[in-house]
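*Asks:* based on what follows, work out the 3D shape:
(one chain, ligands or ions: 2)
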Amino acid sequence: MGVVVVAAGSGTRLGADRPKAFVELAGATLLHHAVRGVLASGPDEVVVVVPEVRVAEAQSAIRSLVGSGPATTTVVPGGAERTDSVAAGLAALSPAVDVVLVHDAARCLTPVEVFERVLAALALGAKGAIPGLPVVDTIKVVDAGGMITDTPRRSSLRAVQTPQGFDREVLAAAHASGSTATDDAALVEALGHGVVVVEGDERALKITTPEDLARAERLLGSTRD
Ligand code: CTP
Ligand code: MG
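*Replies:* Ligands and ions are numbered 1, 2, ... in the order given. Next comes the predicted model:
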């Protein structure tokens, strides 16, 4: 099993003085927390995708984290959109990898149980499996003018997270289509493959804004109590 960790975004909404994955949370970077979580899931290979100017820095940070563990780790530069960064990561996985998880470094506190649930669904034969949680708000579909065009039944909706897991060939084919999307499942769905949603976790929140960073700090504090 291989994991692509995407960490090549700039973090515009967080507004820090450096790319989001290199911002610190409780004394370690988001990237450090994320890779530590990924290693707990027992991957054979990990590819970390970072901004081009951060490749050397990420390589040394990850080397110290992985130590003499069994996983092979590679750091590669990302692209302009998240989809480009995932594609760069996928291309760097060795041919031996047949199952791939794609994980956002921004979801750096994702517990290992979430990785396990995704992998379990893939082991049962799903071509794609992603974590998700029921939504609490009623969600409206609106047109460009803000007029509501649809109200999906809330019980049918899930807010989805990462890691998103796929059969490697299916994900590569989805990326070869050249489309972009905010998650990988959308590209795989577009090819007509079934993707199952497994139970996500509040701790897999995506750190997007300064408020999210504060919430992640509180989550870390409460797990240490
Ligand atoms: N990502 C990436 N390459 C990009 C854009 C995003 O690898 N060109 C990664 C981010 O590093 C992050 C994940 O995709 O781990 C989810 O993206 P998001 O939360 O939007 O992060 P940013 O794009 O960095 O933040 P913003 O949109 O606020 O600039
Ligand atoms: Mg973004």
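
*Asks:* just the closest residue of this structure to ligand 1, please.
*Replies:* The minimum distance from the chain to ligand 1, using C-beta to the nearest ligand atom, falls at G9 (2.0 Å). C-betas here are computed from N, CA, C, even on glycine.

*Asks:* ok, for that residue, nearest residue in space, not its chain neighbours?
*Replies:* Spatial nearest neighbour of G9, chain neighbours left out: K20 (5.8 Å); criterion: C-beta to C-beta, 6 or more residues apart in numbering.

*Asks:* how about that neighbour, phi and psi?
*Replies:* Phi and psi for K20, reported as degrees, to the nearest 10, are phi -50, psi -40.

*Asks:* can you tell me how far it is from G128?
*Replies:* Separation of K20 from G128 (C-beta to C-beta, to the nearest Å): 26 Å.

*Asks:* ok, now L119?
*Replies:* L119 is 12 Å from G128, where distance means C-beta to C-beta.

*Asks:* same deal with T209?
*Replies:* As judged by C-beta to C-beta, T209 and G128 stand 29 Å apart.

*Asks:* between the two, which is the more surrounded one?
*Replies:* Taking neighbours as other C-beta atoms under 10 Å, T209 and G128 compare with G128 leading, 25 against 13.

*Asks:* what about A129, distance to A61?
*Replies:* 29 Å.

*Asks:* now swap in A34 and tell me
*Replies:* 11 Å.

*Asks:* between the two, which is the more surrounded one?
*Replies:* The neighbour comparison of A34 against A61 (other C-beta under 10 Å) goes to A34, with 27 against 20.

*Asks:* check which helix or strand covers the more buried one.
*Replies:* Assigned by DSSP states H and E, A34 falls within helix 30-39.

*Asks:* name the residues that touch the following helix or strand past that helix?
*Replies:* Per DSSP H and E, the first helix or strand lying C-terminal to helix 30-39 is strand 45-50. Residues external to strand 45-50 that are found in contact with it (C-beta atoms under 8 Å, 6 or more residues apart in numbering): 1-8, 19, 21, 31, 35, 38-39, 58, 62, 66, 71-78, 85-86, 88-90, 92-94, 97, 105.

*Asks:* show me the shaky parts of the chain.
*Replies:* Scanning the chain with the threshold set as pLDDT under 70 gives 223-225.

*Asks:* got the residues of it near ligand 1?
*Replies:* Proximity of the chain to ligand 1 (C-beta under 6 Å from any ligand atom) is limited to residues 6-13, 20-21, 49, 78-82, 85, 104-106, 206, 208.
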